[in-house]
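1. what follows is a predicted protein model with its sequence.
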Amino acid sequence: MALEDLKSQIYHCSKCGACRVAYRQSLPTCPAGEKFGFESFFSIGKNAIARAILEGDLEWNEKTAERVYNCTLCGACDAHCYAAMGLHPLETYMEMRRELVKRGFGPPPQVKPLVDSTKDNDNPFMTSNKNRGKWLKNKEAKKIKPGQEVLFFVGCSLEFDPNATPIAKATASILDKAGVDWGVLGDDESCCGFPVYELGCEDEFARLARKNVEIINKLGVKTIIASCTACQMVMKKLWSKYAKLEPEVLHISEFSLRLLKEGKLKIKKEYNKTITIHDPCMLGRYTGVYEEPREILKMIPGVKLVEMERNREESWCCGAGGSQVLCNPEWASETASSRLEEAVGTGAKEIIVPSCPTCMMNFDMALHGYANMAKAYGKVLEKAPVAMKFFGAAQKFASPFMKMRKTADIEVVDSTILLDKVT
Amino acid sequence: MGSSKDEFYKEAAKIVGEQYVSAEREDIIPYCRDEVSQALKAYDSDYVVVPGTAEEVQAIVKLANKTKTPLYPYSFGTNLSGATSPRKGGAVVVLRRLNRIIKIDEETRTATIEPGVNWGKLIFEAKKVGLEPLPLGGGPHTGGPIGNFNLGGGSTGAIDMNDVVSLEAVLPNGEIIRTGSAAFQGMEKINPYFRIAWGPNMNELFRGSMGIFGIVTKMIRRLVAVRAIEEPIQIAFPDIESVVGGMKDVTQLGICKQIVATNRYQTAAIAATSDVFHNQAEFAKLEDSLPEFLMMAKISCHNEKQAQVYRELISEAITRNNGKLITFEGYVKDSLNQLWGGSSVVAIHYLRHEPHLMAFVYVPPHMIPGAQKLAHELLAKVGYKMTSSSGRTIPPRIWLAPWERTECFMMEYDIEFNPEDQDSINKFRQFMPMYFQETMKYGSAQASAGFFRQMEPGLLPSYSKLLRDIKKSIDPNDIMAPSQVFKDL
């Protein structure tokens, strides 16, 4: 694939602007465009840049990279453009990222340590894969065995980010309660590849895709569960570019609903709260899973679910995607603050996130500051002087939400942890 | 090319903030090419500046006069026809940060809006209090009422399209003008709701002006009530004569909120989901299932009793003209309901085909069939061919609507070109001037939007001179959108 191959997509942008606004309420949908103000940061403008490059009016350089990488890859532009125009602009921006990497203008310096770690360790957390499974009581016992049908693909965040590990534990607990015979890859699990994919490092992504698929296909499992929205998306949609994955892939919310409907998992407790739900981009817009988490919440007695104005394919991104939580943490927390404000506006006391460790981390930063994030990404940040500049100065960091409101106005709750509580 | 070392850049940065001015080509190029202009000459501006308030706009205009920098206003940015192209360089003034709905007034049924407000947002907010604007016959939700007004558009329907009550604009010399009763000092907040201060309706100076007389920074626009029954009645017609007759008779009943019609190929383009649009066989099936012309007459009634009377009146009028009531199912029903419901994402579907020029004709109803014939003859003359997603060669897609009250109907042809095929672009370019000149012979403008340069030779010299004199007197430095309308101004 080259930019030239996407010429038809690029030339058929009519500049209608559907990529910029949600189509039911006409509220903003593009965090980058809203933040940086110029068309060049909206889909419409990146498309114009791509065309100008194809026609020799612009060159690949740092300025192109700035506009292409300052994007959360939330896919709102893509969803709206497809509904309106039948085009998929996101393909163009991903190709632009790949081209920038080939030409030495990407990835951004803030995340180079993450890419290096992925090359060296098969995960972006600068640690050995031998450290996987520490959250399990008996790591060896849970290693997947021949004949087991369900593989829990844990993912790097749930393994190595101490803030996200409770999601892994809750997933395990739900699987156990439902009597599912499951296992993990343990040391054999490698990063799904999304962090390098989204930065345009295609070769590295291809290597990880092939490696994971080869190991998983040999196991003969029927179903793979992921409690990370990025992992499930990559397994469902992206690995197939390089290797065919045999088992079906489900996000934990899809699998949990199946278990509830089959009666294998039972809700035993009430949850008397008014809540709202955030649609993580990788789960919603990328893989079309909107209703399953809602169906589960509606099954819980006492729950009053209220929707935010921008929901489902119109959802406003948490702001962390496209590695912005590392590249532009301040902007990422502004975007998250905007979403939290929208949630507060519904009257809900909790915003439920269908298991996405990245959304959780970013909302946490907007609610409580950067401390938890520093715990998760400390090693990566130490190696990235640009990012450290922000985090070093961020001892007193306060997001727009923290400045305007009290944390108590809203809490962010992971859906799997909530389901574990009530079952 | 502009530079951050230029006086304009440095001063503009002081006015709007460094982050809202740019001389980078990466930031400039996206403002310089739109759907139709990609077939025409590409222009470049030197700067892009994004003011956040009317006062900042005012300061930028004063700066432009001082530095002799041309300015090209750009509102929400759904620009399709090259009307914001910076033909003489200078700065594109992006107004999207002026995005407030300042007030929705239930007593006067008006909305006070800024240029960065789009149709979709205005509809969404107005409906919360039981009101709605009448948008461009179901046009794209991403377009803005002020931008559409400046390009010459407005509502198409059976209700008076002159929906602008008063406005605020920054004149080319940097002074702020308010029109209507807001022109009386101190009245902009107390009573800006009467359209005339004295004499001519000054709002009209800015309609279709493409920014040459100033930058509109605020507008008070009429809204209409959303009633208990809002019913789009759909009628099938077998040919152009029947639909024109039916539309004339229904419009003259004076009972419809909106009336619009599309031909088979326009209806198909709009009704199809993107999945169907990309499936040749499915799209062909859809085309086959639709009537030659589909008219929508929306009634807005307080109760069922009123609606029943209206339905009967419409039924009689359409029966006289070979029309038949029609309903749809599935995605076609959903799409059309969205379209008839006001500006929506569905309205953008008509852009999916190929980039196109909306070639208009505004003539009394009886001249519409002749106008269609004329367009077909011109297309044949240049060897023009248009293909739909079904792979079939089709005639141009058509919108038809009563314009203003009923004096004239608007017929819009969507004349397409393939942006990757130079031959197709050449034929498109050959057709355009021929079409403008021929339709002008029948007194048909292009709704004031653009193309004045091609049309000026056909106007009375006295008319042309008056327009030019106004421009010269209020813009002696030729700051506002030079060459956008007049070749030499």
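-> Received, thanks.
2. secondary structure element for the residue of the stretch 1-150 of chain B found nearest chain A?
-> Going by C-beta to the nearest C-beta, chain A is nearest to B:G120 of the stretch 1-150 of chain B, at 2.8 Å. For every residue, glycine as well, the C-beta is placed using N, CA and C. Using DSSP states H and E, B:G120 falls within helix B:119-127.
3. and that helix, what does it pack onto?
-> Contacts defined by 3 or more C-beta pairs under 8 Å, 6 or more residues apart in numbering or on different chains; DSSP states H and E place helix B:119-127 against strand B:101-105, strand B:110-113.
4. low-confidence regions, chain A specifically.
-> When residues are selected by pLDDT under 70, those of chain A lie in A:380-381, A:384-396, A:407.
5. do the same with chain B
-> Chain B contains residues with pLDDT under 70 at B:135-139, B:152-161, B:404-406, B:446-451.
6. can you map out the strands along the stretch 51-200 of chain A?
-> Remark: strands assigned in the stretch 51-200 of chain A by DSSP state E, counting those that start in this stretch are A:150-153, A:182-183.
7. which SS class is the residue most central in space within chain A?
-> Centroid-nearest residue in chain A, with C-alpha atoms, centre = their mean: A:A230, separated by 4.6 Å. Under DSSP: H, G, I helix; E, B strand; the rest coil, the three-state class of A:A230 is helix.
8. hmm, A:F194 and it touching each other?
-> Yes: under the criterion of C-beta atoms under 8 Å, A:A230 makes contact with A:F194 at 4.3 Å.
9. list residues touching both of those two?
-> Listed as contacting both A:A230 and A:F194 by C-beta atoms under 8 Å, 6 or more residues apart in numbering or on different chains are A:M282.
10. residue of chain A nearest chain B, please.
-> A:S26 (2.8 Å).
11. got phi/psi on that residue?
-> When read as degrees, to the nearest 10, the backbone of A:S26 gives phi 60, psi 30.
12. identify the residues contacting it.
-> Going by C-beta under 8 Å, 6+ apart, A:S26 touches B:N118, B:W119, B:G120, B:K121, B:I123, B:F124, B:H141, B:T142.
13. ok so, going back, and the strands of the stretch 51-200 of chain A as CSV, adding mean neighbour count and distance to A:T165?
-> Listed next are the strands of the stretch 51-200 of chain A as CSV, based on neighbours: other C-beta atoms under 10 Å in any protein chain shown; distance: least, C-beta to C-beta, whole Å:
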stretch, mean neighbour count, distance to A:T165
strand A:150-153, 22, 13
strand A:182-183, 20, 17
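14. now these in a markdown table, with distance to A:P108?
-> Output for the strands of the stretch 51-200 of chain A, formatted as a markdown table (distance: least, C-beta to C-beta, whole Å):
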| stretch | distance to A:P108 |
| --- | --- |
| strand A:150-153 | 28 |
| strand A:182-183 | 37 |
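15. kindly report the residues of the stretch 51-200 of chain B close to chain A.
-> With C-beta under 8 Å from any C-beta of the partner chain as the criterion, the stretch 51-200 of chain B meets chain A at residues B:76-80, B:94, B:96-97, B:118-121, B:123-124, B:140-143.
16. now list the buried members of the residues you listed.
-> Neighbour-count burial (16 or more other C-beta atoms under 10 Å in any protein chain shown) applied to those gives B:76-80, B:94, B:96-97, B:118-121, B:123-124, B:140-143.
17. helix/strand/coil for B:M219?
-> strand.
18. does it touch B:I113 like I think?
-> Yes: using C-beta under 8 Å, B:M219 makes contact with B:I113 at a distance of 5.7 Å.
19. list residues touching both of these two?
-> B:P145, B:I146.
20. need phi/psi at B:I177.
-> Per degrees, to the nearest 10, the backbone of B:I177 is at phi -120, psi 140.
21. buried ones in stretch A:220-233, by neighbour count?
-> For stretch A:220-233, by 16+ other C-beta under 10 Å, it's A:V221, A:T223, A:I224, A:I225, A:A226, A:S227, A:C228, A:T229, A:A230, A:C231, A:Q232, A:M233.
22. wait, the fifth one touches A:Q232, no?
-> By that I understand A:A226. Yes: under the criterion of C-beta under 8 Å, A:A226 makes contact with A:Q232 at 3.9 Å.
23. need the overlap of contacts for those two.
-> Joint contacts of A:A226 and A:Q232 (C-beta under 8 Å, 6+ apart) are A:V249, A:L250, A:H251.
24. in helices, which of the residues you listed fall?
-> In helices, defined here by DSSP state H, there are no members of these.
25. give the ChimeraX command for selecting the buried subset of those.
-> Selecting the buried subset of the shared contacts of A:A226 and A:Q232 in ChimeraX, with 16+ other C-beta under 10 Å as the burial test, is done by:
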select /A:249,250,251
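26. dump the shared contacts of A:A226 and A:Q232 to JSON lines, plus distance to chain B.
-> Output for the shared contacts of A:A226 and A:Q232, formatted as JSON lines (distance: C-beta to the nearest C-beta, whole Å):
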{"residue": "A:V249", "distance to chain B": "23"}
{"residue": "A:L250", "distance to chain B": "24"}
{"residue": "A:H251", "distance to chain B": "24"}
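27. OK, contacts around residue 193?
-> By default, I'm working from chain A. A:G193 is in contact with A:T118, A:E204, A:F205, A:L208, A:A209, A:N212, A:V234, A:L238, A:W239, counting by C-beta under 8 Å, 6+ apart.
28. ah, I was thinking of chain B
-> Counted by C-beta under 8 Å, 6+ apart, B:Y193 has contacts B:D105, B:T108, B:T110, B:V165, B:S166, B:G180, B:S181, B:I220.
29. quick one, what contacts the residue of the stretch 151-300 of chain B found nearest chain A?
-> Closest contact between the stretch 151-300 of chain B and chain A, by C-beta to the nearest C-beta, is at B:S274 (3.7 Å). B:S274 sits next to A:Y82, A:A83, A:A84, A:M85, A:G86, B:R352 when contact means C-beta under 8 Å, 6+ apart.
30. turn the residues you listed into a markdown table, including neighbour count and distance to B:P402.
-> Listed next are the contacts of B:S274 as a markdown table, based on neighbours: other C-beta atoms under 10 Å in any protein chain shown; distance: C-beta to C-beta, whole Å:
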| residue | neighbour count | distance to B:P402 |
| --- | --- | --- |
| A:Y82 | 22 | 34 |
| A:A83 | 17 | 30 |
| A:A84 | 26 | 27 |
| A:M85 | 23 | 29 |
| A:G86 | 22 | 31 |
| B:R352 | 20 | 26 |
